[in-house]
Each structure stands twice: as structure tokens, then as C-alpha cells.
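# Mind folding the following:
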Amino acid sequence: MKRLTWKKAVRALQQIAGGRIGRRLVRVLGGRDPRVTFTIAIIALSAKIAKIDGRVTREEIETFRSMLQIPRGEMANVARVYNYASRTALGYEYYARTIARTLGYGQPVLEVVLDALLAVARADGVLSHSEKIALIHIGRIFRLSDEHIHQRLGSTAGQAPPDPYQTLGVTPDDDIQTIRAAWKRKVMQNHPDALVAKGVPPEALRLSQGRLRLYNDAWDAIKRHSGVA
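So this is what the prediction gives:
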């Protein structure tokens, strides 16, 4: 992530944190810059998810930091605003809609964002009922299918190696050609070149890198199991 982006993002957040926070958020920071808009919205949304069960833990903040590759020199500023955003009255729904508008409703990259929020929620070792309800609602705001939402929340994402067939949306009974086609489709949808062409901000691309590795690892595991060269 370019340092200039974080300087701009943190400056905007500090302006807001000094007074009222709310719908001024995106107007102050975002304007026509989707990178900053996404950055601030994902900070605030992650904070809201972390706070739903009553407290923000160090593990949740560190999980968030590592996913967005926030420079440690900026983390103190970001953490202050992260904690501040978690205490404000404006709900997570507003930030979820901001992200969906920025990336495009229903776009595959929003699946990656949902997975990132799930990792934050699970960072303290427990996915509470209130966190799960909020994540389901966010997934629906993103206009992801209920099947995908419940598949992700019911998986062991971020805890143990996921089932490769579930990752690719196939079953062990599907033939190898069908599975290969599903893998190629997932890779194409999440390839950086395809996402850049859709105007996805670089900060969101960083989240998608892990998803691309997940699909490739799933395909490699299935090939090994099936004896496919």
C-alpha cells in the first residue's frame, strides 16, 4: 500500500475523530478517490464487527493490520480511529453499503471482503451469535447469495485448511473437467488484472491475493487426490 494513501486516509480520519463522525466520513475522506473511500470504510466496518461482542481485542486489530498490510508506523493513528469508530452510533450497514458501492454490488471481490471481516470476528477465538448475524446482513448488503454467505460462515476459514471442493464450489462427485472449469472461473474472477480493469482499489486487491492462492491451492490438492498431472 503506498504510504501517501495512508497519510491521506489517516489525516481524513483524524479530522473526523476530532469532532463528529457520521455521513461526513466519505465526504471528507473519499470524494472521488475510491482508494481512500475503501480504506476508511473497511477500517470502520472492521471496527464495528470487532466491537459487536462488546470489546475490541488486540488480536482483532492485528488481524486487520496484517490483512491490509498497514505500515507499523501508521498503526497507532489507525488504531485510535479504529477504536473511535467502534464506539460511534453510525451502524455497520452504512460502511457496508459504502464498500459495496465502491467495489460494485455483487462483485466477487466482495466475497473476499466478507472473508476478511470473518477473520477479524474470529480473531479472538470465538464467532459470537451477534457477529454472525451482522456478517450475514453485510453479505446480503453486498448482494452475495445466501448460499455463499452461509458456506463461508459455516466454514473453518482462517482456522484450519478449508475443504478444497467447498472452496471451488464443487463436490467430490463432479468430474475433473467440471472442477477444472470451476477453478478457472474463480481464478479469472479474482485475478488482479480483471479486478484492476473493473476499477477495484489497490487496497482491495491486497485482500484478493489470499483468495487467489486459496483457489490455486484447492485445485492442486484436488489434482493430487485425483492423480491428475
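
# Just give me the neighbour total for Gly125.
Counted by other C-beta atoms under 10 Å, the residues lying close to Gly125 total 8. The way it works is simple: take the backbone N, C-alpha and C, and place the C-beta from them, glycine included.

# Setting the sequence-adjacent residues aside, check what's closest to it.
Computed as C-beta to C-beta, 6 or more residues apart in numbering, the closest residue to Gly125 that is not its neighbour in sequence is Glu59, at 7.8 Å.

# element containing the one you found, please.
Of the helices and strands defined by DSSP states H and E, Glu59 is found in helix 58-68.

# For that helix, name the packing helices and strands.
Taking 3 or more C-beta pairs under 8 Å, 6 or more residues apart in numbering; DSSP states H and E as the contact definition, the neighbouring helices and strands of helix 58-68 are helix 34-51, helix 72-87, helix 109-122, helix 202-226.

# so how far is it off the chain centroid?
Remark: helix 58-68 is offset 12 Å from the chain centroid, using C-alpha atoms, centre = their mean, to the nearest Å.

# Let me see the mean pLDDT of it.
Mean pLDDT, taken over the full extent of helix 58-68, equals 74.

# Stretch 151-164 too?
Along stretch 151-164, the predicted confidence averages to a pLDDT of 64.

# hang on, the earlier thing: could you check the angle helix 72-87 makes with the helix holding Glu59?
Angle between the axes of helix 58-68 and helix 72-87 is 120 degrees (criterion: axes from the mean of the first three to the mean of the last three C-alpha atoms, to 10 degrees).

# just the angle between helix 58-68 and helix 202-226, please?
Between the direction of helix 58-68 and that of helix 202-226, the angle (the same axes, to 10 degrees) works out to 90 degrees.

# Name the surrounding residues that touch helix 58-68.
Counting contacts by C-beta atoms under 8 Å, 6 or more residues apart in numbering, the residues outside helix 58-68 that touch it are 1, 39, 42-43, 46, 50, 70, 72, 75, 78-79, 82, 116, 119-121, 123-125, 203, 206-207, 210.

# for this structure, what helix or strand is lowest in average pLDDT?
Using mean pLDDT, DSSP states H and E, helix 24-29 stands out as the lowest-scoring helix or strand of the chain, at a mean of 49.

# mean pLDDT lowest for which of the helices and strands packed on helix 58-68?
helix 72-87 (a mean of 71).

# tell me what that one is packed against?
So helix 72-87, by 3+ C-beta pairs under 8 Å, 6+ apart, packs with helix 3-17, helix 34-51, helix 58-68.

# Right, I'll leave it there.
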